[in-house]
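In: just the structure for this:
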Amino acid sequence: MSKAAANPQDRRLGEIAHRLGIGLNALLALVKIAAGLISGSPSLLADGYHSIADLATNAVAWVSFRVASTPADDDHHFGHGKAEAVAGVFIGLVLGGAGASVLWQATSLSSPSYTGIEVSLALGTAVFSIAVNEWLVWITHRAAQRTGSHALRALARDNRSDALSSILVIVGVGGSALHVEWVEPLVTGIIGLFILVMGLRSVRESADVLMDRVIDVELRGRVVSIARAVDGVTGVQRVSAHPIGAVLHIDMEISVDGEMSVRKGHAIAHEVEEVVTRAEPTAVQVSVHVNPA
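Out: As a prediction, the model looks like this:
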């Protein structure tokens, strides 16, 4: 979790976003699958299966959100922040599997023949899904920004993919209603491909966190400049950042006058820790090793 997540209001916003996601995705899955079966729309059914995947991933993300806020203990010296990255990989794999399944099914689909009532039911359900998912995008994205949560960020992307999938349902059902037979199977395949790509993107981003990849390539340069500006620092030998979920632990080595007292060198190191922590919002811990110049 980030510094912001320590704020009770931000954590409450994260909890609300997760609970809304679980409740509304359960509702959407039920409505879309029922409407898909009644209307005979394969693209709407595929969108309903997407919502079932969303429901499962929301539940996992909510658990990881709570685990990630657990403080460091005897077994996890850097805390539990990477729990959300693990959840992000799971979310991505579930999405990727769902997308691949829909894409495969689309290869053997035929365009259905709709009555006027069936078209209205399918289109109305898709419009309802778009409205609900765009509202979820707004809530979840805001919570992700406030908390720095990787899982919430993945869920916001997932909600947007669901809204776009529903737009494609409208195109597919409309094409079938106009007797353009190839439209709905094509749209169903596009929905599957889109879900697959979004899932792989979530896997990649979460794997970056698990592999300690620091995406901010300018971080080292900024930290070096900040440290060198502290009175008494004569050089900076090393800066290493260790991502823990949405936050960073920074280890660094600085040089001070070799004739300086241990007490003075220790005070300079503490000052470096403080200025770096203030300047870098995601840095929750800075460890400074002092070398004699």
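
In: so which bits of the helix or strand containing Ala34 are buried?
Out: With secondary structure defined by DSSP states H and E, Ala34 is part of helix 8-39. Buried residues in helix 8-39, counting neighbours by 16 or more other Cβ atoms under 10 Å, are found at 10-11, 13-14, 17-18, 20-22, 24-26, 28-29, 31-33, 35-36, 39. C-betas here are computed from N, CA, C, even on glycine.

In: likewise stretch 91-106?
Out: So, applying 16+ other Cβ under 10 Å, buried residues of stretch 91-106: 91-96, 98-99, 101-103, 105-106.

In: got CSV for these, with secondary structure and distance to Leu210 too?
Out: Output for the buried residues of stretch 91-106, formatted as CSV (DSSP: H, G, I helix; E, B strand; the rest coil; distance: Cβ to Cβ, whole Å):
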residue, secondary structure, distance to Leu210
Ile91, helix, 14
Gly92, helix, 12
Leu93, helix, 13
Val94, helix, 17
Leu95, helix, 17
Gly96, helix, 17
Ala98, helix, 22
Gly99, helix, 22
Ser101, helix, 26
Val102, helix, 27
Leu103, helix, 27
Gln105, helix, 32
Ala106, helix, 32
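
In: and which of the residues you listed is nearest to Ile195?
Out: Gly99 (3.2 Å; Cβ to Cβ).

In: next, the contact list for His18, please.
Out: Neighbour list for His18: 58, 61-62, 65, 152, 155 [criterion: Cβ atoms under 8 Å, 6 or more residues apart in numbering].

In: from Glu253, how far off is Leu20?
Out: 46 Å (Cβ to Cβ, to the nearest Å).

In: what do you get for Val247?
Out: 21 Å.

In: between those two, who's got more neighbours?
Out: Val247 (23 against 16; other Cβ atoms under 10 Å).

In: who does the more buried one form a beta bridge with?
Out: Taking DSSP bridges as the rule, Val247 bridges to Ile244.

In: check the spatially closest residue to Ala17 that is not a sequence neighbour and give its pLDDT.
Out: Counting by Cβ to Cβ, 6 or more residues apart in numbering, Ala143 is the residue found nearest to Ala17 once chain neighbours are left out, at 3.9 Å. For Ala143, the model assigns a pLDDT of 86.

In: state the helix or strand in which Ala143 lies.
Out: helix 116-147.

In: kindly report the same for Val223.
Out: With DSSP H and E as criterion, Val223 is part of helix 219-228.

In: any idea of the mean pLDDT in that helix?
Out: 87.

In: give the buried residues for that helix.
Out: Counting neighbours by 16+ other Cβ under 10 Å, the buried set in helix 219-228 is 219-220, 223-224, 226-227.

In: between those residues, which is nearest Val119?
Out: Nearest to Val119 among the buried residues of helix 219-228, with distances taken as Cβ to Cβ, is Leu219, at 53.6 Å.
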